[in-house]
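1. Provided below are the primary sequence and the corresponding predicted coordinates.
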Amino acid sequence: MKEPIRVAITGGAGQIGYSLLFRLANGETFGVDQPVILQILEIPQAVEALRGVVMELRDCAYPLLQDIIASDDEKVVFNDANWAILVGGKPRGPGMERADVIRDNAPIFVAQGKAINDYAADDIRVLVVANPCNTNALIAMNSAPDVPADRWMAMTRLDQNRAVAQLADKAGVQPAAVSHMAIWGNHSPTMLPDFEHAQIGGQPVTSVIDDRAWLEGDFVEKVQQRGKEVIDARGKSSAASAANAVVDHIRSMVQPTEGTWFSAAIYADGNPYGLPGGLFSSFPLRMMGSGYEVVSGLELSDYARRKIGTSIEELQEEREAVADLLK
Ligand code: NAD
Ligand code: LMR
């Protein structure tokens, strides 16, 4: 049996937490031979609700779940953590954009970044889910000078999955037939779901779906606005699909499949594709051994460069809005 890994999750009593924790414990995320210790953070007002979630986790009697630590103390939760999944924060409601919660959520990521810096294991990997996730990741990373930049990511896997689902539906194929689906930019309505490099059954999407107007119009807009569409219908932001995307993201990192891409926002400081750095922007990635690399050599059309440029401008504006929290 392998040594257990310590997985810190924030916002464990929330909607995403309730869909996610069980899937982190049952072997499907980290592997069926990987024991886990869950270390769960909540704010004091939600500790009682979290106690109920912990009871349910115990009641599953998962063979791989070696221990559960639940606390409102960041030192306890991030102590020796190998993974940190930062979900805790205020979600947007109807009529709001993700960036509207920026000043409410930003201070959380200063404190959690510091705690990760001071208490997490040397091999810590962090996935930021709470919105606006790209800029929250930037804030947390800036508060953690000892943790290398390549350990931090913000989640755009839900956007990737949404794009795959839309393309599969349009082409009348199963989602598994869609591959090479990259998301570029911010997790926001400016992101680009890159249909120009995606494939269906190994063929370019643009040749299988011979409808450029739909691809540039309804498809891109549907993916960009899907979070809002779910909020408008449910009254709450997407949760089970977000938790599912966390599972997919981590699996891409720890159980990589040869040849496939996945998308996540990374600290793009080496200016991949000549794009401005100093912020978290989404790229197509490939997991290589223990580290990832940005998929290189893709031709970006003028259309794609224009779209990605708009998204990066938005990220620069978000960074301005929290400049006082960045060292
Ligand atoms: P929720 O309100 O149901 O749960 C959030 C939980 O976080 C609550 O239990 C709250 O008590 C807790 N929390 C708040 N501040 C905290 C702190 N400082 N430390 C620890 N816990 C804290 O919200 P949710 O639906 O689970 O969504 C969580 C976040 O994920 C939101 O910001 C939402 O916008 C975001 N989200 C991101 C994506 C994505 O694709 N990146 C998708 C869906 C949701
Ligand atoms: C989503 O994409 O569903 C989440 O980021 C929640 C939101 O506010 O849209």
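-> Now that the structure is in, tell me what you want to look at. Numbers count the residues shown, from 1 in each chain. Ligands and ions are numbered 1, 2, ... in the order given.
2. Excluding chain neighbours, what is closest to the residue of the stretch 151-300 of the chain found nearest ligand 1?
-> Taking Cβ to the nearest ligand atom as the measure, the stretch 151-300 of the chain has A242 as its residue closest to ligand 1, at 3.5 Å. Yep, even glycine has a C-beta here, placed from its N, CA and C like the rest. Leaving aside its chain neighbours, A242 sits nearest to I16 (5.0 Å; criterion: Cβ to Cβ, 6 or more residues apart in numbering).
3. residues in contact with that neighbour?
-> V87, V129, A239, A242, A243, V246 (Cβ atoms under 8 Å, 6 or more residues apart in numbering).
4. possible to save those residues as a markdown table with neighbour count?
-> Converted to a markdown table, the contacts of I16 look like this (neighbours: other Cβ atoms under 10 Å):
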| residue | neighbour count |
| --- | --- |
| V87 | 26 |
| V129 | 27 |
| A239 | 19 |
| A242 | 22 |
| A243 | 24 |
| V246 | 23 |
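5. Reformat those as JSON lines; add pLDDT, distance to ligand 2 and secondary structure.
-> Shown next, in JSON lines, are the contacts of I16 (pLDDT from 0 to 100; distance: Cβ to the nearest ligand atom, whole Å; DSSP: H, G, I helix; E, B strand; the rest coil):
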{"residue": "V87", "pLDDT": "98", "distance to ligand 2": "11", "secondary structure": "coil"}
{"residue": "V129", "pLDDT": "98", "distance to ligand 2": "8", "secondary structure": "coil"}
{"residue": "A239", "pLDDT": "98", "distance to ligand 2": "9", "secondary structure": "coil"}
{"residue": "A242", "pLDDT": "98", "distance to ligand 2": "6", "secondary structure": "helix"}
{"residue": "A243", "pLDDT": "98", "distance to ligand 2": "11", "secondary structure": "helix"}
{"residue": "V246", "pLDDT": "98", "distance to ligand 2": "12", "secondary structure": "helix"}
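6. can you tell me how far the residue of the stretch 151-300 of the chain closest to ligand 1 sits from N131?
-> According to Cβ to Cβ, to the nearest Å, A242 and N131 sit 10 Å apart.
7. Leaving aside the residues adjacent along the chain, what's closest to P284?
-> Nearest to P284 is A182, by Cβ to Cβ, 6+ apart, at 3.6 Å.
8. Export the one helix or strand the residue nearest to A242 maps to to CSV, keeping only CA atoms.
-> For I16, the host element (DSSP states H and E) is helix 15-25. Only the C-alpha atoms of helix 15-25 are listed here, as CSV (Å, rounded to 0.1, in the frame of the first residue of the first chain):
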residue,chain,number,x,y,z
GLN,A,15,-22.2,22.9,-2.7
ILE,A,16,-19.1,21.8,-4.5
GLY,A,17,-17.6,20.4,-1.4
TYR,A,18,-20.6,18.1,-1.0
SER,A,19,-20.2,16.7,-4.5
LEU,A,20,-16.4,16.6,-4.4
LEU,A,21,-15.2,15.2,-1.0
PHE,A,22,-16.7,11.7,-1.6
ARG,A,23,-15.0,11.5,-5.0
LEU,A,24,-11.7,12.4,-3.5
ALA,A,25,-12.0,9.6,-1.0
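9. Just confirm yes or no for the strand ranked longest in the chain near ligand 2.
-> The longest strand of the chain (DSSP state E) is strand 280-288. No - residues of strand 280-288 contacting ligand 2 under Cβ under 6 Å from any ligand atom: none, with a closest distance of 12.6 Å.
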